[in-house]
Structure formats: structure tokens, C-alpha cells
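# Kindly generate the corresponding structure for this input.
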Amino acid sequence: MKVKQITNVDGFYKALAKCRGRVELITEERDVLNLASTLTQFIGLTTVFSNPDIKTYEIVCYDPNDFQYIKEFLVEADQ
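Numbers count the residues shown, from 1 in each chain. As a prediction, the model looks like this:
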């Protein structure tokens, strides 16, 4: 799924914590971050979220249940 901006970073981390399968964040430059790693989450996502040049990114969930967790977070964040 394509995502333009995540402003509730803590909420996103909580949604990721529920995920059981592989979840990746892919930047416009095609950098792939494996979000199963806590280290990647803190270092990689901090870099991605704080870089104003990265306007959109893609989140890929390999487990359909994980997709639901991320989707629910994104829907709640939009409201």
C-alpha cells in the first residue's frame, strides 16, 4: 500500500508490534527497510520520517493479518 505521510509514529510502532510476518517499508528511491527489526525501526524510520524529500513510501505486508493491523492504524490516523 502507498502511504504519503505517517505523523503518529508511536501509533505506527504499536501497529508494527502486532505484526507477525515480514513488513517492509520501501522508499521512492527503492530503499527497503525490514520493519521486523527494532533497530531498523528506530534508525531507519527516524531517517525516513524526518527527511522532507521522501514524500511517499510503500508498506508491504507478507501476512494478510498484518496488513489489517497497518490498515486499521492508517484509517484511525486519518480521522
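# Tell me, please, the helix or strand in this protein that averages the lowest pLDDT.
helix 38-50 (a mean of 82; mean pLDDT, DSSP states H and E).
# Against which helices or strands is that helix packed?
Helix 38-50 sits against helix 9-18, strand 23-27, strand 32-34, with contacts defined as 3 or more CB pairs under 8 Å, 6 or more residues apart in numbering; DSSP states H and E. (Each C-beta comes from the backbone N, C-alpha and C, glycine too.)
# Could you list the residues in contact with the last one?
Right, strand 32-34. For strand 32-34, contacts defined as CB atoms under 8 Å, 6 or more residues apart in numbering pick out Arg22, Val23, Glu24, Leu25, Ile26, Thr27, Thr40, Gly44, Leu45, Val48.
# Now restrict those residues to buried residues only.
Val23, Glu24, Leu25, Thr27, Gly44, Leu45 (16 or more other CB atoms under 10 Å).
# Look up phi and psi at Glu58.
Backbone torsions for Glu58, taken as degrees, to the nearest 10, come to phi -120, psi 140.
# Enumerate every residue touching Lys65.
Rather than Lys, residue 65 is Asn. Cys19, Arg20, Gly21.
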